[in-house]
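In: return atomic coordinates for the entry below.
(2 chains)
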Amino acid sequence: MFIFAAHSKNHSKMNIDLLIRNEVAKALNALYAVEIKSEEVQTQMTRKEFEGDLTVVVFPYLRHSKKGPEQTAAEIGEHLVANVSEIEKFNVVKGFLNLLVSSKYWINELYQAFQIDDFGYRNANNESPLAMVEYSSPNTNKPLHLGHIRNNLLGYSISEILKADGKKVVKTNIVNDRGIHICKSMYAWIQAGKNDTPESTGLKGDHLVGNYYVKFDQIYKAEIADLISKGKTKEEAEKEAPSMAGARELLLKWEANDAETRKLWAKMNQWVYDGFDITYKNMGVDFDKIYYESETYLVGRDEVLRGLEEGIFERHDDGSVWANLENEGLDQKILLRSDGTSVYMTQDIGTAKLRYEDFKIDKMVYVVGNEQNYHFQVLSILLDKLGFEWGKNLYHFSYGMVELPNGKMKSREGTVVDADDLMEGMIKVAKETSEELGKLDGFTDDEKSEIYRKIALGALKYFILKVDPKKTMLFNPEESIDFNGNTGPFIQYTYARIQSVLRKASDMGLSWQQTGMAIEPGAKELELIKKITTFPEVVSESANNFSPAVIANYCYDLVKEYNQFYHDYPILKEENEAQKLFRLQLTQTTGNVIRNGMALLGIECPERM
RNA sequence: GGUCCUGUAGCUCAACUGGAUAGAGCAGCGGCCUUCUAAGCCGCAGGUUGUGGGUUCGAGCCCCGCCAGGAUCACCA
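Out: Alright, predicted model coming up:
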């Protein structure tokens, strides 16, 4: 059984690490007659200021060797050099044993990676565990905004990462298509819509419906102000406002299956779906299976009623149904309102049940903001109480909010950053920047706009995904996202340069498939190979930690390394033929890893830019 | 108030889950295009890791207290 660990110990090191830990364990046994498991041997990549590739920390073994750190390290080092052919030499600094691995080993490692186009990916097979990843999960009353962007990018990326780590993945979306929110938009449209449609207004459907949601709020506020001016208290006014009553009435009619209400509901939701489809497509995210709250909430209600019959839940005097979670250290949680209608939690129970009926899920992953930590804690317990043994195994991929310089986005203050506007704005900046640099002369307009799109989305996605998902992040709409430095376009640019070199090499009639060449790689070349060979472990690490940021930061480090190599070493102009072909292998492999890594972030790399 | 999260350079973020002298980018200053794409490369400057204790060979990371910010504890979603 595969374990989906949220925080497993997984160091991003290369294969050699396994070998060395094994050999160190053997050495300890031979030298000091102690049994140390190879997994317990501590290693790390040698810091750049010291000579070596891998470093063994020897402090833990001093009590076995009964000698000082330097002497202990030296003894282990000598034993390793004598017994392990891959280890050429060693040096000791304080309690750190630095081991130098032969360049022959590294060249072979590169050649292994070079031969695999999707190096770093592990393919799922029939026995692989299935993860279902829920993300996006929008309400259908307004367009997507910056917060949704972080959610969508994380959800898509973590799905791709899990796939690359050898899991089967089903991407899913629960659309909150029913409830008071959409009724508000419906009410305002009836009152003030004059039969507007996306066609008649030229507006994207989700924006049109969103405008009526805003309109509703205006009507509602005006009514409250009016009622208060007529002597009502704020509470009375909020209760009596005709618009709110109207929206509530629509909700009741909807639940009662009123034909006209359902028709309008379906129509306006369809407008929103058409709008969302465009946004999702532009964002480059997709789903394998979509659930609708309107189709799951009744299932949830039945489950709650079953739980009530079985004595798991309790009914209060007013008819509402509650779960008592005081034994779990939590409060009471409402599951059905006194009028029998369901709440968010009810719907989530129903959706979960349907999902497990539809798929053989080993791990359910919910990509939902950390403001809902409590909700998922409760959901997990409730599913468990209802007898779904998978309940306690659900994973809430809890991510931090996106904040603006003056705090959270507030629709009332008009500070919401719209997803469509943001992407469009990014494309515009990409176009301007590209035109200034003037490198795309001679391309058709279609080719150019495709490149602008890739760069713009690369910048946006990388900007968001490079941040640790758990952390609150800041977005300043006043400053457009950079294209220089630690950015998506910087990485894309390196990829484009690599492809340019490879094209030129092909044009020169070169072929660089051969192996077993006698090469003396330079320091930068070895650094680059080491970086490349850690990629599979980086993929696992990002999967185990649910962190696309791990991939993003790796891509940046890799590219930085390559750019130094590119700057310092001639490739096509190298006179030694074997050295030249080796550098082409190195270049091509780096390009593959960049492309594969960025793909895990949902970022495409243009061949030229 | 209870629970949980966060605090690292002027700003945005890293730090391989307890390891060596805490690293990048942006902003600032200074170099490098007749040579494989300068969206690049190199250098300078920038830090009491919020704060006070503790644990140990070793703490940005673990424990306790305090300070600051945020989330949540709804018959909202």
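In: residue A:527 is in contact with residue A:562, isn't it?
Out: No. Contact criterion C-beta atoms under 8 Å: residue A:527 and residue A:562 do not qualify, at 9.8 Å. Bear in mind the C-beta positions are built from the backbone N, C-alpha and C, glycine included.
In: wait, isn't residue A:101 in contact with residue A:54?
Out: Yes. Counting by C-beta under 8 Å, residue A:101 touches residue A:54, with 6.9 Å between them.
In: mutual contacts of the two, please.
Out: Taking C-beta atoms under 8 Å, 6 or more residues apart in numbering as the contact rule, residue A:101 and residue A:54 both touch residue A:16.
In: enumerate the residues of the stretch 51-200 of chain A near RNA strand B.
Out: A:52, A:55, A:57, A:59-60, A:93-96, A:98, A:139, A:176, A:179-181 (C-beta under 7 Å from any atom of the strand).
In: how about 10 Å then?
Out: Contact residues, the stretch 51-200 of chain A versus RNA strand B (C-beta under 10 Å from any atom of the strand): A:51-52, A:54-63, A:69, A:73, A:91-99, A:137-141, A:174, A:176-182.
In: report the buried members of these.
Out: Among those, those buried by neighbour count (16 or more other C-beta atoms under 10 Å) are A:52, A:54-56, A:58, A:61, A:69, A:73, A:91-93, A:95-99, A:137-141, A:174, A:176-179, A:181-182.
In: contacting residues around the residue with the shortest distance to the centre of chain A?
Out: Per C-alpha atoms, centre = their mean, the C-alpha nearest to the average position across chain A is that of residue A:154, at 2.6 Å. By C-beta under 8 Å, 6+ apart, residue A:154 lies in contact with A:135, A:367, A:397, A:399, A:465, A:469, A:548.
In: for it, give its distance to residue A:165.
Out: From residue A:154 over to residue A:165 the distance is 16 Å, taken as C-beta to C-beta, to the nearest Å.
In: swap in residue A:359?
Out: 19 Å.
In: same check, this time on residue A:382
Out: The value you get for residue A:382 to residue A:165, if C-beta to C-beta is used, is 30 Å.
In: the contacts of residue A:154 in helices, which ones?
Out: Residues of the contacts of residue A:154 located in helices (DSSP state H): A:465, A:548.
In: nearest to RNA strand B among the contacts of residue A:154?
Out: Here the nearest of these to RNA strand B, counting by C-beta to the nearest atom of the strand, is residue A:469; it sits at 8.0 Å.
In: could I get the contacting residues of that closest one?
Out: Applying C-beta under 8 Å, 6+ apart to residue A:469 gives the contacts A:154, A:397, A:399, A:400, A:546, A:547, A:548, A:549.
In: can I assume the third one is in contact with residue A:467?
Out: The one in question is residue A:399. No. The pair residue A:399 / residue A:467 is not scored as a contact, 9.4 Å apart, by C-beta under 8 Å.
In: which one of these two has more residues nearby?
Out: residue A:399 (25 against 21; other C-beta atoms under 10 Å).
In: need the phi and psi values for residue A:131.
Out: The phi/psi pair for residue A:131 (degrees, to the nearest 10) reads phi -110, psi 130.
In: please read the previous query as pertaining to residue A:402.
Out: Backbone torsions of residue A:402, given as degrees, to the nearest 10, read phi -100, psi 120.
In: tell me the secondary structure of residue A:287, please.
Out: Look at residue A:287: counting by DSSP: H, G, I helix; E, B strand; the rest coil, its state is coil.
In: next one: residue A:173
Out: Quick answer, by three-state DSSP: residue A:173 is strand.
In: separation between it and RNA strand B?
Out: 14 Å (C-beta to the nearest atom of the strand, to the nearest Å).
In: over to residue A:471?
Out: Distance from residue A:471 to RNA strand B, counting by C-beta to the nearest atom of the strand: 5 Å.
In: looks to me like that residue is in a helix.
Out: No. Counting by three-state DSSP, residue A:471 is not part of a helix but coil.
In: contacting residues for the residue in the stretch 451-600 of chain A that RNA strand B sits nearest to?
Out: In the stretch 451-600 of chain A, the residue that lies nearest RNA strand B is residue A:485 (2.1 Å; C-beta to the nearest atom of the strand). Under the criterion of C-beta under 8 Å, 6+ apart, residue A:485 has no neighbours.
In: over to residue A:21?
Out: Neighbours of residue A:21 in contact, by C-beta under 8 Å, 6+ apart: A:38, A:39, A:41, A:43.
In: in strands, which of these appear?
Out: The strands in this structure, assigned by DSSP state E, contain residue A:43 from those.
In: counting neighbours, which of the contacts of residue A:21 comes out on top?
Out: Scoring the contacts of residue A:21 on neighbours with other C-beta under 10 Å, the highest-scoring entry is residue A:41 at 21 neighbours.
In: quick one, what contacts it?
Out: When contacts are counted by C-beta under 8 Å, 6+ apart, residue A:41 is found next to A:20, A:21, A:24, A:25, A:56.
In: ok, now with 6 Å
Out: A:21, A:24, A:25 (C-beta atoms under 6 Å, 6 or more residues apart in numbering).
In: if I look at the last one, how far off is residue A:162?
Out: Same thing as residue A:25. Taking C-beta to C-beta as the measure, residue A:25 falls 32 Å from residue A:162.
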